[in-house]
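what follows is a predicted structure for the sequence shown.
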Amino acid sequence: AEDAAAGVDELHDRADGIEERLDRTTDRVDGVDSAVRDVSADVDDVAADVDDVAGEVENVASDIDETGAHVSRLDEEMGDVREDIAAIDGDVVETRESLEAELDDLRAEVSALSSELDRIGSIEREIEELQQFRDRLNSAFGPGE
């Protein structure tokens, strides 16, 4: 019976050792479980952050698309403005050339009128000289009847 009692004591000792190891293992499992829950919470937080960033990236991409479309419209409008400016420039050149031609014509007319005025002035001087000559003839011979 001593052997049996020693065997039971040995079994109790082994059972106590197994129980201690089981307690340590349970504590370790609880620690790992707690760490897994913490990591899971961190993963959820990171996933939420990634979703937020993805939403912001989509908003930025949409803004970039809108800005690109706006730039394209402005570029087209600038092309239209450049065409309008080129047309106006052509009209200005054409008008300037037309005005220069008209100015040349007017200068020629003024020159011709100036020559005519000189000729008329010369005729008036001749008439006046003839008038003076007639007056001298009248005073020398008397008025003719």
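It's in.

so which elements touch the helix or strand containing Val71?
Element membership for Val71 (DSSP states H and E) is helix 2-141. Applying 3 or more CB pairs under 8 Å, 6 or more residues apart in numbering; DSSP states H and E, one finds that helix 2-141 makes contact with no other helix or strand. C-beta here means a position set from N, CA and C on the backbone, and glycine is covered the same way.

distance between it and the chain's centre?
On the basis of CA atoms, centre = their mean, to the nearest Å, the separation between the geometric centre of helix 2-141 and that of its chain is 2 Å.

show the average pLDDT along that helix.
Mean pLDDT, computed over helix 2-141, is 90.

tell me how far Arg96 lies from Asp104.
Counting by CB to CB, to the nearest Å, the gap from Arg96 to Asp104 is 13 Å.

ah, wrong one, I meant Asp9
138 Å.

repeat for Ser40
Distance of Ser40 to Asp104, computed by CB to CB: 94 Å.

likewise for Glu83?
From Glu83 to Asp104 the distance is 32 Å (CB to CB).

same thing with Val50?
Distance, Val50 to Asp104, using CB to CB: 79 Å.

report how many residues lie close to Val36.
10 (other CB atoms under 10 Å).

ugh, wrong one, I meant Asp118
Neighbours of Asp118 using other CB under 10 Å come to 10.

from here on, count from 20
With the count now opening at 20, the last piece we talked about shows up as Asp137.

how near is it to Ala127?
16 Å.

next: Arg47.
Separation of Arg47 from Ala127 (CB to CB): 116 Å.

same question, Arg155
42 Å.

equivalent analysis for Ser81, please.
69 Å.

next one: Leu118
15 Å.

now do Ser91
In terms of CB to CB, Ser91 sits 54 Å off from Ala127.
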